[in-house]
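S.K.: sharing a model that was predicted from the sequence below.
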Amino acid sequence: MDGTVDGFRYGAVTPVAAYLMACLGGALGLRCIVRSLLDARSWRAGWLALGAASIGCGIWTMHFIAMIGFHVEETRVRYDAATTVLSLVVAVVVVGVGVFIVGLRGTSVVTLAVAGAITGLGVAGMHYLGMAAMRLNGEVGYDPAGVALSVLIAIGAATAALWSAVTIRGFLASLGASLVMGVAVSGMHYTGMAAVSVHVHDMTGGTWEGDSPTSLLLPMLLGPVVFLLLAGVVVMFDPLLVLGERPSASRPEAQDANSTARKRPSWRASASSARER
């Protein structure tokens, strides 16, 4: 028989909390990517990796906070720990691929399209891998149209996020972009959840492996949340992100002049040595 699916068991608590975590991860990730572009002499790979981990953890945390509110009336819902952790790894790694492509190669149309598609498919893959971690007394089905729409939303959201990461510099603009990104990621999640149906087995009182959402998800969410808070501290206390771009970064002509001035002594020295010979 068909199960009665409820994605909002705790009302607006879980979707609002999930949205805020998606915004937090997106905001930190965008600021880290901006930081990698402010100074080419900085450890760019480190900032890009921190940005990718922030976005990946934010999306993963958003998904499983929302899943705490997922309930099937006719059966208990449990989760496999290994598959749940694997979904986090997929989120961080695939988002990292897209972030590094754009962070190192720029935002040409082709580059942005490839990076956005990879990142979007990774976000969607994380979502459906997280769904595959569910263990319940039944079978989970999906409406193909809803799944396709959720994947398209994920690709669009990822492309827009990567574009804004290397285009938008101001703090308020980055904040606005992260809020839009949170809407897109949450929209992708709940679009995918709207495509879910559960066929419950006739057998009652059956047992199946897995941990309950409160016993597994709540402790597991603690790690990514702490990571996001620590990443927030790093971003808040970085001078370039607090004060903005330095004069040399905002005035490339001054930087060129300085580099030319530094080269002149070496030319004069070469001329002097030539006369002496």
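M.R.: Nice, I can see it.

S.K.: in the protein, which residue is most central in space?
M.R.: Residue closest to the mean C-alpha point of the chain, counted by CA atoms, centre = their mean, is Ile55 at 2.4 Å.

S.K.: now do the same for the closest residue to that residue other than its chain neighbours: its pLDDT.
M.R.: What sits nearest to Ile55 in space, not counting adjacent residues and going by CB to CB, 6 or more residues apart in numbering, is Gly29, at 3.5 Å. C-beta: built from backbone N, CA, C; applies to glycine. pLDDT, Gly29: 86.

S.K.: hmm, Gly29 is touching Gly58, no?
M.R.: Yes. Gly29 lies in contact with Gly58 (CB atoms under 8 Å); the separation is 7.0 Å.

S.K.: ranges for the strands of the stretch 1-150 of the chain?
M.R.: Taking DSSP state E, counting those that start in this stretch to define them, one finds strands in the stretch 1-150 of the chain at 5-6, 71-72, 77-79, 134-136, 138-142.

S.K.: in a markdown table: the ones you listed, plus mean pLDDT and distance to Val234.
M.R.: Below are the strands of the stretch 1-150 of the chain laid out as a markdown table (pLDDT from 0 to 100; distance: least, CB to CB, whole Å):
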| stretch | mean pLDDT | distance to Val234 |
| --- | --- | --- |
| strand 5-6 | 83 | 39 |
| strand 71-72 | 86 | 37 |
| strand 77-79 | 85 | 31 |
| strand 134-136 | 87 | 34 |
| strand 138-142 | 89 | 39 |
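
S.K.: in JSON lines: the ones you listed, plus distance to Ala195.
M.R.: Below are those laid out as JSON lines (distance: least, CB to CB, whole Å):
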{"stretch": "strand 5-6", "distance to Ala195": "11"}
{"stretch": "strand 71-72", "distance to Ala195": "15"}
{"stretch": "strand 77-79", "distance to Ala195": "17"}
{"stretch": "strand 134-136", "distance to Ala195": "14"}
{"stretch": "strand 138-142", "distance to Ala195": "5"}
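
S.K.: for Leu24, which of these is the nearest?
M.R.: strand 77-79 (23.0 Å; CB to CB).

S.K.: give the contact list for Ala184.
M.R.: Ile153, Gly156, Ala157, Ala160, Ala161 (CB atoms under 8 Å, 6 or more residues apart in numbering).
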